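Undergrad: Next come a sequence and a model predicted from it.
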Amino acid sequence: MNFGLNVPVIRLLIVKDWQLFQKQLAAYVLAGFAALTLLGLAKPWAFYLGSLALIVVLVAAACFAIATSLLVERKEQTLAFVMSLPVSPLDFTAAKLLGNLLTFGVPFAVLLLGTLVVILTTPLPDGLVILALLLFGHVLLAYSVSLAVAMQVESEGWNTFAMIGSMVLINPFLMAIGQIEAIQGPLRGDAIAWSLPAALILAGQLLVSAAALAGTAWWQGRKAAFY
Amino acid sequence: MTAAFAVKGLRKHYPDFALQDVDLTLPQGQVMGLVGVNGAGKTTLLRLLTGLAAPDAGSIEVLGCRLPDEQVAAKRQLGFASEDMRLYRGQSLDWHIDLVRRIYPEWDDAYARELIARFDLKPAQALGGYSHGQRVKALLLLCLSRRPRLLLLDEPTTGLDPVARAEVLETLCDVLRDEGRSVLFSSHNTHDVERLADSIGFLHQGRLVAHADKERFLDNWRRVLCLGAAPGGLDGWPELVHVRAAGSQVELKVRAWRDDLPQRLSAAGLTVQRVDPMPLEDIFVTAVRAGGAA
Amino acid sequence: MYQQIVDQITARVMAGDWRPGQPLPSIRELAAGSGVSVITVKRAYEELERAGVIVTRHGKGSVVADRPEPARALLEEGLRHHLQEAIAVGARLGLDRAALHQRLDVVLDGNPPTSQSKGSQS
């Protein structure tokens, strides 16, 4: 069952996006590893520098994936070329969503895995795993919302606002979870202690991310034509 | 025989523009030229014909496929190139060929190589280094090499130098040899339309003000030079679009020419000196200035 | 534009490049080859057929007519048209018949006619 999708062309478009961005994304992964190395030193200054660098790399990779696959394509008018190929708006949406899940998802997953490995195998307290997951969860949420906006809205201003706004919110978000004792308390311990607020926040992040992407796919799939 | 495309009662509203009640058919094997000033609706019509836009009312059938529902099937047999379409600057022509060839099974590699040679393109070079003309030719190459049954070209020769333009037009002529293939192209360049088109569609302010086979369309128009004083009421003659007196000469532009016109002009006191057919360019400008009276 | 095709073909037939009975290129072939639309060539063929320069047999395409007179007549017609234009210009200059004759002689003397203008059409 393929829901009327033009799967071979979708696959080609995803491969195309991957080819276009693979070098830059590899560079982001490398920069991410450098940040993880700093983290792994388990010294206070290195930890702060490393976590800051990691957040910068994650945010940059997310913005880069969205900007190059949608905003730049629109601006450089290569979207018109893609839409002239035998694809429906739904095919196009599927190709863009899946392509983004690949171009952003791969570095995201690699860095998430790397972060967990670093936390668990170095003197860093293992309780930080929760914080790391919530942090990656926020980036995922900000990325999904920005991607949804980029798919729906042509205005460059709104897109920049959505991307920067959602990503910058990471700062108040970290401050806010710092206020929740149930989350904050076990971070310094060596046990990975899930609390109800932490679990709820992570579940919320994943749910809203999935809803933003699914909503975009549903909305685009209803459209009979691009314009 | 199925038409290359047929549209009926087509309407499309945008906030500051509306395409209204367009009925247009292109028989298979023919070339149609679309003329109209900027903003007349040429690009909107082409977008509707490629399924990129959905009409507010009316029906569109392209190569037997109803649009926009069957746009995927239609686009498989379509070649579409527009002025606002760009290729990836960081990638080479070979990379683009590789992408397009995988999508269209009809891709003709020998013809693609022939066009690369004819257009003098460097297939391994990144397109960012191409000139405008080379980019247009690269885009056309990607369209033509898949041997589409219908070519939809939005301003294919705009901005090209004379040599590149000649190359592009000659290549379009290759398409004429096959009676199963059709072309619709829009152009500011009325010379190109006058040369290549079998029929002419004339859009003005979102309406199709004229559509006829080219020879008949051109036959309807004449420029008439007369001697004498222009009698009053000449402006009221429905077939006269333009009346201008300069000294003892009167220049008339006629949109519905009939052989009895010189006689009627004589009766009105004008001596017809010469009657000339008008080039499309002149017809176009005259009709637009007269508010789309074609 | 169809007039150009008519002139070209008539010139070729008159020059003997295309012999009586010789098949003409198909309409599409000539259109693609000379870079003009199919309908223009069709119109030119119709004119040539009406003038008797070519004969179209249904389903078999067109061939050059057996007799050269129609091609000649068509060229004569073209000449008459050019002369009429010249006369109209002469009228604007206020030239009478004798003056027109004299102008024609001047041009003829200045540009001695070549025996045959073969192959001048491309």
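TA: That came through, no problem.

Undergrad: what about residue 218, how many residues close to it?
TA: You didn't say which chain, so I picked chain A. Applying other C-beta atoms under 10 Å in any protein chain shown, we find 11 residues neighbouring A:Trp218. Placement of C-beta: from N, CA and C, glycine included.

Undergrad: my bad, chain B
TA: B:Leu218 has 21 nearby residues by other C-beta under 10 Å.

Undergrad: For the closest residue to it other than its chain neighbours, report the pLDDT, please.
TA: Closest residue to B:Leu218 apart from its sequence neighbours, by C-beta to C-beta, 6 or more residues apart in numbering or on different chains: B:Pro277 at 6.3 Å. pLDDT recorded at B:Pro277 is 91.

Undergrad: what's B:Pro277 in contact with, if anything?
TA: B:Leu218, B:Asp219, B:Trp221, B:Arg222, B:Arg223 (C-beta atoms under 8 Å, 6 or more residues apart in numbering or on different chains).

Undergrad: Could I get the full set of helices for chain A?
TA: A:7-40, A:44-66, A:72-75, A:79-84, A:89-103, A:105-121, A:128-152, A:156-168, A:170-179, A:181-184, A:196-222 (DSSP state H).

Undergrad: will you turn those helices into JSON lines that also has mean pLDDT and distance to chain C?
TA: Shown next, in JSON lines, are the helices of chain A (pLDDT from 0 to 100; distance: least, C-beta to the nearest C-beta, whole Å):
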{"stretch": "helix A:7-40", "mean pLDDT": "90", "distance to chain C": "32"}
{"stretch": "helix A:44-66", "mean pLDDT": "90", "distance to chain C": "47"}
{"stretch": "helix A:72-75", "mean pLDDT": "84", "distance to chain C": "36"}
{"stretch": "helix A:79-84", "mean pLDDT": "89", "distance to chain C": "26"}
{"stretch": "helix A:89-103", "mean pLDDT": "88", "distance to chain C": "36"}
{"stretch": "helix A:105-121", "mean pLDDT": "92", "distance to chain C": "51"}
{"stretch": "helix A:128-152", "mean pLDDT": "93", "distance to chain C": "43"}
{"stretch": "helix A:156-168", "mean pLDDT": "90", "distance to chain C": "43"}
{"stretch": "helix A:170-179", "mean pLDDT": "90", "distance to chain C": "63"}
{"stretch": "helix A:181-184", "mean pLDDT": "84", "distance to chain C": "75"}
{"stretch": "helix A:196-222", "mean pLDDT": "91", "distance to chain C": "41"}
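
Undergrad: ok, back up a step: the residue nearest to B:Leu218 pairs with what?
TA: B:Arg222 (DSSP bridges).

Undergrad: okay, and for chain C, where does confidence drop off?
TA: Chain C contains residues with pLDDT under 70 at C:111-122.

Undergrad: now the helices: where do they sit in the stretch 151-294 of chain B?
TA: With helices called from DSSP state H, counting those that start in this stretch, the stretch 151-294 of chain B shows them at B:162-176, B:190-196, B:214-219, B:261-267, B:280-289.

Undergrad: So which of those helices is nearest B:Gly29?
TA: For those, proximity to B:Gly29 was assessed by C-beta to C-beta; helix B:162-176 is nearest, at 8.6 Å.

Undergrad: Could you count how many residues lie near the closest residue to A:Ala198 other than its chain neighbours?
TA: Among residues not flanking A:Ala198 along the chain, A:Ile183 sits closest, at 4.8 Å (C-beta to C-beta, 6+ apart). Residue crowding around A:Ile183 was assessed by other C-beta under 10 Å; the count is 23.

Undergrad: My guess is C:Tyr2 contacts B:Glu215. True?
TA: Yes. The pair C:Tyr2 / B:Glu215 is scored as a contact, 6.7 Å apart, by C-beta atoms under 8 Å.

Undergrad: got any residues that touch both of these two?
TA: Contacts common to C:Tyr2 and B:Glu215, judged by C-beta under 8 Å, 6+ apart, are C:Thr40, C:Arg43.

Undergrad: Alongside chain C, which residues does the stretch 1-150 of chain B contribute?
TA: Listed as neighbours of chain C in the stretch 1-150 of chain B under the rule C-beta under 8 Å from any C-beta of the partner chain: B:Gly29, B:Gln30, B:Val31.

Undergrad: Top of these by number of neighbours, please.
TA: Neighbour max across those (other C-beta under 10 Å) = B:Val31, 27 neighbours.

Undergrad: and that residue, how far is that from chain A?
TA: Between B:Val31 and chain A the computed distance is 20 Å (C-beta to the nearest C-beta, to the nearest Å).

Undergrad: State the number of residues packed around the closest residue to B:Thr157 other than its chain neighbours.
TA: Counting by C-beta to C-beta, 6+ apart, B:Thr157 lies nearest to B:Arg165, which is 4.8 Å off, once chain neighbours are set aside. When neighbours are defined as other C-beta under 10 Å, B:Arg165 has 19 of them.

Undergrad: on that earlier part again, wait, which of the helices of chain A is closest to B:Asp23?
TA: helix A:79-84 (25.0 Å).

Undergrad: Surely the residue nearest to A:Ala198 and A:Ala176 touch.
TA: No. With contact defined as C-beta under 8 Å, A:Ile183 does not reach A:Ala176; the gap is 9.6 Å.

Undergrad: can you put the helices of chain A in TSV and add distance to B:Thr271?
TA: TSV is the format used below for the helices of chain A (distance: least, C-beta to C-beta, whole Å):
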stretch	distance to B:Thr271
helix A:7-40	67
helix A:44-66	73
helix A:72-75	62
helix A:79-84	56
helix A:89-103	64
helix A:105-121	82
helix A:128-152	68
helix A:156-168	64
helix A:170-179	87
helix A:181-184	100
helix A:196-222	68
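
Undergrad: Which one of these lies nearest to C:Gly94?
TA: Across these, closest to C:Gly94 is helix A:79-84 (C-beta to C-beta), at 61.9 Å.

Undergrad: Return the distance of that closest one from the chain's centre.
TA: Taking C-alpha atoms, centre = their mean, to the nearest Å, the mean C-alpha location of helix A:79-84 is offset from the chain mean by 25 Å.

Undergrad: And that helix, what does it pack against?
TA: strand B:78-81 (3 or more C-beta pairs under 8 Å, 6 or more residues apart in numbering or on different chains; DSSP states H and E).

Undergrad: what does the strand it packs on rub up against?
TA: A:84, B:46, B:50, B:62-63, B:136, B:139-140, B:143-144, B:146, B:148-154, B:156.

Undergrad: Report the contact partners of B:Arg101.
TA: By C-beta under 8 Å, 6+ apart, the contact list for B:Arg101 reads B:Trp107, B:Asp109.

Undergrad: you'd agree it is in a helix?
TA: Yes. The assignment for B:Arg101 by DSSP: H, G, I helix; E, B strand; the rest coil puts it in a helix.

Undergrad: A:Gly215 against A:Met151, yeah?
TA: No. A:Gly215 is beyond contact range of A:Met151, at 10.0 Å (criterion: C-beta under 8 Å).

Undergrad: Looking at these two, which one has more neighbours?
TA: A:Met151 (23 against 14).

Undergrad: How many residues are close by the closest residue to the more buried one other than its chain neighbours?
TA: Distance criterion C-beta to C-beta, 6+ apart; nearest residue to A:Met151, sequence neighbours excluded, is A:Thr216 at 5.0 Å. A:Thr216 is flanked by 21 other residues according to other C-beta under 10 Å.

Undergrad: what about A:Thr216, distance to A:Ala150?
TA: Per C-beta to C-beta, to the nearest Å, A:Thr216 is found 9 Å from A:Ala150.

Undergrad: Many thanks, have a good one.
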